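Chemist: below is the structure, and that's it, no one-letter string:
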Ligand code: GLY
Ligand code: MN
Ligand code: MN
C-alpha cells in the first residue's frame, strides 16, 4: 500500500507498506523488495512492513482533512479506512488534531494524471505498439485457409512474448468470415475459410502499457470486390479521423467525422438510402457501425480519464493517447442487405499519441493499405 501525504507547508512524502523479506516465504513466492530497498532503490521517504499499517496509518491521517482512496473498490479497504478514521476521532478528541472529514475517490485524480503521458510512458507505449504491430504483420505472412483462428491468436501471443511483453492487453479476437461481425468474438475456434476476411483485434502489454490494434485482411491474400469496397470505406473513415487529431480537437468530433464518412459511403454503395442528415439523426448507421470511435489507452487498454468535462466533450491535449477504430459489420443476420455483402466485418484500429503539432500513429508499423497487405501476403 502506498500512502502519499502532503503537510501544511506543501511537503509531499511517499510511504510504502510492503511484505517483509523472509527467505522461508520467498522460497515459495519469489523475491521481495523489502523495506530497506524500498527506501534506497525506489526512493520512498518511509517504508514499513505491511503488518504496521494499522499502527502507522492513523498517525499519518491525524490532522489531515481529506483521505483519497479507491472508494468501494475493496470492501476490506472501505472497512479499514472507517476503522482508522474512527480510531483517530477517539484518540484525538481532546487534542488539537482532527480526524479527516472527507473521503474522496482517488481514481478521479489518478484518471486525469494517467490521461497525459510522460515522455517515459510514451517511450514504453511506443515499444508496446511496435511489438504488437510487428506481431500483426507476422499474422498476415502466415495466414492461410484451413488453419484455426486460435492458431493466429497463439502466434500473436508468441511473437509478443518473444519480444518481451509481460502479458496481453486483452484476449485476442480472431474472427474469420461471419465471426468478423461479432464485436467481442473470443471463441477463436473456427477454421479460416478461403475467400473470407479475418478480423484480428489483439495487443500486447509491454512494461504494463497496453497496445490495441485491429487489422482485417483476406484469408487467401486477395480482397474480393465487395470486401475491398467496405475496407476502403473504413480505412478512409479512420485515416481522415486520424488526420484531424491535434491539440484542441473535441473528442466528439472524431465520432462525428467517422459517422459522416461511413454514412456517405454506405449510401454510395447502396447499403443505405436517404438523406445524409436524416440518416445521421435517426442513427441509421448503427446496424452497420454500432460502437464508438475509440477510447483512451495506457496502463489499461480502456484507460482511466473522463471523455467529457462539464457535460461537454473534452479537447485533446498533447500527451494523450487514444485509439481510432471505426468498423463496418455486415452479418448474414443484418436486415435488408444483398447477400453479396454478407459476412464482411471490417475494423481498423490504431493507437494515436496527440503531439504539440498534431499526432503520431504509434502503431503505424502494422500494414493497412490494401496494396501493402496484398503484397505482404503474396510474398
Ligand atoms: N480490443 C478492445 C477494444 O478495441 O476496445
Ligand atoms: Mn480499442
Ligand atoms: Mn481493439
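Modeler: Nice, I can see it. Values in this document were obtained by computation on a predicted structure and should not be read as measured data. Ligands and ions are numbered 1, 2, ... in the order given.
Chemist: and for stretch 122-140, what's in contact with it?
Modeler: Residues outside stretch 122-140 that contact it (C-beta atoms under 8 Å, 6 or more residues apart in numbering) are 117, 152, 155-156, 159-160, 163-165, 169, 200, 202-211, 213, 215, 217, 297-298, 319, 321, 351, 353, 362-367, 373, 376-377. Heads up, the C-betas are built off the backbone N, CA and C, glycines and all.
Chemist: alongside ligand 1, which residues does this structure contribute?
Modeler: Taking C-beta under 6 Å from any ligand atom as the contact definition, the chain meets ligand 1 at 170, 201, 212, 295, 301, 325, 349.
Chemist: wait, the first one touches residue 211, no?
Modeler: No. With contact defined as C-beta atoms under 8 Å, residue 170 does not reach residue 211; the gap is 10.1 Å.
Chemist: need the overlap of contacts for these two.
Modeler: Contact with both residue 170 and residue 211 is made by residues residue 203, according to C-beta under 8 Å, 6+ apart.
Chemist: between those two, tell me which one has more neighbours.
Modeler: Neighbours per residue (other C-beta atoms under 10 Å) separate residue 170 from residue 211, with residue 211 holding more: 32 against 17.
Chemist: which helix or strand contains residue 136?
Modeler: helix 119-142 (DSSP states H and E).
Chemist: can you give me the buried ones in the helix or strand that that helix is followed by?
Modeler: Going down the chain from helix 119-142, the next helix or strand is helix 149-162, by DSSP H and E. Neighbour-count burial for helix 149-162, counted by 16 or more other C-beta atoms under 10 Å, picks out 149, 151, 152, 153, 155, 156, 157, 159, 160.
Chemist: repeat that for stretch 59-73.
Modeler: 60, 61, 62, 63, 64, 67, 68, 69, 71.
Chemist: and ligand 3, which of these reach it?
Modeler: By C-beta under 5 Å from the ion, no member of those lies near ligand 3.
Chemist: now render those residues as a markdown table, adding pLDDT and secondary structure.
Modeler: Output for those, formatted as a markdown table (pLDDT from 0 to 100; DSSP: H, G, I helix; E, B strand; the rest coil):
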| residue | pLDDT | secondary structure |
| --- | --- | --- |
| 60 | 94 | helix |
| 61 | 94 | helix |
| 62 | 92 | coil |
| 63 | 90 | coil |
| 64 | 93 | coil |
| 67 | 97 | strand |
| 68 | 97 | strand |
| 69 | 98 | strand |
| 71 | 97 | coil |
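Chemist: need the max-distance pair from those residues.
Modeler: Across these, the longest distance by C-beta to C-beta is 21.4 Å; it joins 63 and 71.
Chemist: distance of residue 281 from residue 263?
Modeler: Distance of residue 281 to residue 263, computed by C-beta to C-beta, to the nearest Å: 11 Å.
Chemist: between these two, which one's more packed in?
Modeler: residue 263 (24 against 9).
Chemist: tell me the SS of the residue nearest in space to the middle of the chain?
Modeler: The centroid of the chain falls nearest to residue 301 when counting by C-alpha atoms, centre = their mean (1.9 Å). Three-state call for residue 301 (DSSP: H, G, I helix; E, B strand; the rest coil): coil.
Chemist: assess the claim that it and residue 169 are in contact.
Modeler: Yes. Contact criterion C-beta under 8 Å: residue 301 and residue 169 qualify, at 4.5 Å.
Chemist: in the helix holding residue 136, which residues are buried?
Modeler: If you call a residue buried by 16+ other C-beta under 10 Å, then helix 119-142 has these buried ones: 121-122, 124-140.
Chemist: now stretch 46-59
Modeler: Across stretch 46-59, burial judged by 16+ other C-beta under 10 Å covers 46, 47, 48, 56, 57, 58.
Chemist: nearest to residue 106, of those?
Modeler: Residue 106 lies nearest to residue 57 out of the buried residues of stretch 46-59, by C-beta to C-beta, at 14.7 Å.
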